[in-house]
Structure formats: C-alpha cells, structure tokens
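A.B. asks: take this sequence and fold it.
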Amino acid sequence: MELHALHIEGGIPEQQYLHLLLSTDAGMRKRISSFYRREDAERSLAGIFLAKTVIADRIGQPVRRIQFQESPYGKPEVSGLNIHFNISHSGDWVTCALDEQPIGTDIEQCHSLPPAIGDLCFTEEEKVYLAADSHEYPNRFYELWTLKESYIKALGKGMSIPLQSFSIQKSQEESRFKCYIQNHLLEDWAFETFNDITGYQCAVCCHPKSIPGQLKLWSLNDFYYPKLELA
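C.D. replies: Numbers count the residues shown, from 1 in each chain. Sure thing, here's the model as predicted:
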C-alpha cells in the first residue's frame, strides 16, 4: 500500500494546467472545467494526475496509458487493472492512496475552531472522545473526521452512508483506531492517521495487512514537472 501527498502551493502555471486538462478524457475535462474556482479545478486535476503517475510507476507503464472510469457512485477507477486508489485534497495538498484492496484516504486543513457540525456527524462514543480533552478538541475533531471520511471513501458509495451509522473508536490497548457498527467491530478494515504536514490531518482506511509505514511527500518541482514529460 502506498500513500502519497503532493504540495501544490502557488497553483499550477497556465501552460501546464492546460496541458494536463487536455490530456484527460472528455467527461473528466468537463467536470474539472465546471468548477467555479480555479483552485478547486487545480486540486481536482492534480489529484487525477498524481493518481495516474503513481499507478504508472507501480506497473511500469507511461502515464498516458492509465485510463480511468467512474463507478456508479462517481468514484474514479482504473480500467483493466486490479488496482484500487483514492484521492483527497484540501488547501495546498493533494493525497493519493494506492493498494490492491479497496482503500480510502482523506486530508483536511485544520483550523483552530472546527465547524460546529458534531451533532450531525459523530456518534455518542465519538462525542465522548471529543469532549474528554478540551485543549485537544480541534485535533481530535479533524482526527475523527478524516478517519470517518476515509472509511466512507474506502467503501466507494459516497455520502449514501450516514456518518452516524458507524463509530470510530480508539483502542486503549493498541492505541489504534477501529470501526464499529452497533458495537460490532469491523475486522476487515484498519485505520491510520498522519500528522506529517503542519496544519493538516490525514487518514487512511485500508485492508489490515496494508497499513502504510509513512506518508510520501512530494512538491511540484521534484515530482510533478518531471512526470509531465511522460504524460
């Protein structure tokens, strides 16, 4: 399992942006072009290109040969390959998780005052965890939020799964997060959080044997532009 993060601070220069946009299929190009804000379009485009690049590197093929299709829930999938991936973006960062099993990832830019949506998103057990330490509330909020998002994205069914239908809880014995539905432990999923990026929280949900050892960080200079030659 691989987990990559691409830093896109400052945005994508116009020439490279247009080159990458034209290299996508018509449907994806239309979706990316429909974003009202340029930064949202850039994050989406960078996520697609990051995913194609790490997949191409993994199988030893040129980026241009990696083709995506959409699931019935709108999740991008690789055509003709037994590879699962998931993309997330927030602020100046884009992440991509890659595995041979279903996988989900989420990254969020953290703020000192998280949005007041706890009653709508968290279970009673999760609310207890959040309230246990007032100083740690912002960190715990984004910790739980990214973990819950990564689980939903690993299932690949979008927001059709209510956030309060499952509970993310921290095991005191193993100091790891686990997922429960009506107090039943889901043993088919493992979770990990990453705090490598200052001001951001990242999480991944994957097969128990696929937990990544680290988050691989890349910048536009050392990752993006060299790969552009292969697109």
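A.B. asks: correct me if wrong: residue 67 contacts residue 27.
C.D. replies: No. Counting by CB atoms under 8 Å, residue 67 does not reach residue 27; the two are 11.5 Å apart. Placement of C-beta: from N, CA and C, glycine included.
A.B. asks: number of nearby residues for residue 114?
C.D. replies: 17 (other CB atoms under 10 Å).
A.B. asks: ah, wrong one, I meant residue 123
C.D. replies: Residues lying near residue 123 (other CB under 10 Å) number 18.
A.B. asks: quick check: pLDDT value at it.
C.D. replies: Here the pLDDT value assigned to residue 123 is 94.
A.B. asks: equivalent analysis for residue 181, please.
C.D. replies: Predicted confidence (pLDDT) for residue 181: 94.
A.B. asks: do you know how far it is from residue 207?
C.D. replies: Counting by CB to CB, to the nearest Å, the separation of residue 181 from residue 207 is 18 Å.
A.B. asks: neighbour-wise, which of the two wins?
C.D. replies: More crowded of residue 181 and residue 207, by other CB under 10 Å: residue 207, with 17 against 10.
A.B. asks: so who does that one touch?
C.D. replies: Counting by CB atoms under 8 Å, 6 or more residues apart in numbering, residue 207 touches 1, 99, 101-103, 188-190.
A.B. asks: cool, and residue 188?
C.D. replies: 207-208.
A.B. asks: phi first, then psi, for it.
C.D. replies: phi -80, psi 0 (degrees, to the nearest 10).
A.B. asks: and which of the contacts of residue 207 is nearest residue 160?
C.D. replies: Distances from residue 160 to the contacts of residue 207, taken as CB to CB, are shortest for residue 102 (15.7 Å).
A.B. asks: look up how far residue 17 lies from the closest one.
C.D. replies: From residue 102 over to residue 17 (counting by CB to CB), the distance is 31 Å.
A.B. asks: what do you get for residue 62?
C.D. replies: To residue 17, residue 62 is 21 Å away according to CB to CB.
A.B. asks: same check, this time on residue 107
C.D. replies: Counting by CB to CB, the gap from residue 107 to residue 17 is 21 Å.
A.B. asks: of those two, give the one with the bigger neighbour count.
C.D. replies: residue 107 (25 against 17).
A.B. asks: so which bits of the helix or strand containing that one are buried?
C.D. replies: If you go by DSSP states H and E, residue 107 is part of strand 104-109. By neighbour count with 16 or more other CB atoms under 10 Å, strand 104-109 contains the buried residues 104-108.
A.B. asks: possible to save those as a markdown table with pLDDT?
C.D. replies: Listed next are the buried residues of strand 104-109 as a markdown table, based on pLDDT from 0 to 100:
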| residue | pLDDT |
| --- | --- |
| 104 | 95 |
| 105 | 96 |
| 106 | 97 |
| 107 | 97 |
| 108 | 96 |
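A.B. asks: tabulate those residues (TSV), appending distance to residue 9.
C.D. replies: Output for those, formatted as TSV (distance: CB to CB, whole Å):
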residue	distance to residue 9
104	25
105	20
106	20
107	14
108	16
